[in-house]
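> Next come a sequence and a model predicted from it.
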Amino acid sequence: MSPGKLRHSILIVDDDLLLLETVVELFQGEGWTVYQASTVKEAMRILKEITVDVILSDIRMPTEGGFELATQTRDLRAENKNVHLFFMTGFTDYPESVLLSLGARGIIYKPFHPGELLEKITGVLKK
């Protein structure tokens, strides 16, 4: 990380542990502070302790998914406009307008190229 460059933080939420680890390593390699959770309940425990710049969440998970996480973090994101929510999904049956109406700043469709993921998220942070 170059001097003077802000260190961003991200919470990645996905029940696919292999994908979770891959995305964690990607962001760590870029100098981010990375938190990870495999459930919405675990993510909410983390968010009670720390604030992150980005929440990146899968939409479909076994118990609660990205929609529930979006609802549970709505107040947090309203109070702190610097917390950005992104969804990841392998399904295309979610209208983008619905996802954006939940407060998402972007949607990343799986499978994705690591560069595409970084570009989409860092692009929003630069604005």
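Ah, there it is. Numbering: from 1, shown residues only.
> Name the next helix or strand downstream of the lowest-mean-pLDDT helix or strand in the chain, please.
Lowest by mean pLDDT, DSSP states H and E among the helices and strands of the chain is helix 96-101, with a mean of 85. Following helix 96-101 in sequence order, the next helix or strand is strand 104-109 (DSSP states H and E).
> Summarise which helices and strands that following strand is packed against.
With contacts defined as 3 or more Cβ pairs under 8 Å, 6 or more residues apart in numbering; DSSP states H and E, strand 104-109 has these neighbours: strand 84-89, helix 96-101, helix 114-126. Any C-beta I mention is one placed from the backbone N, CA and C, and that applies to glycine too.
> Let's see that with 6 Å instead.
Under the contact definition 3 or more Cβ pairs under 6 Å, 6 or more residues apart in numbering; DSSP states H and E, strand 104-109 sits against strand 84-89, helix 114-126.
> Okay, buried residues for the least confident helix or strand of the chain please.
Neighbour counts using 16 or more other Cβ atoms under 10 Å place L99 of helix 96-101 among the buried residues.
> Would you mind writing the CA trace of that helix as CSV?
Extracted C-alpha coordinates of helix 96-101, given in CSV (Å, rounded to 0.1, in the frame of the first residue of the first chain):
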residue,chain,number,x,y,z
GLU,A,96,-31.5,-5.1,-10.6
SER,A,97,-34.0,-2.5,-9.7
VAL,A,98,-35.2,-4.5,-6.7
LEU,A,99,-31.7,-5.1,-5.5
LEU,A,100,-30.8,-1.4,-5.8
SER,A,101,-34.1,-0.5,-4.0
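> if we look at it, which residues are touching it?
Under the contact criterion Cβ atoms under 6 Å, 6 or more residues apart in numbering, helix 96-101 has outside partners 87, 107.
> Distance from the chain centre to it, please.
Distance of helix 96-101 from the chain centroid (Cα atoms, centre = their mean, to the nearest Å) equals 15 Å.
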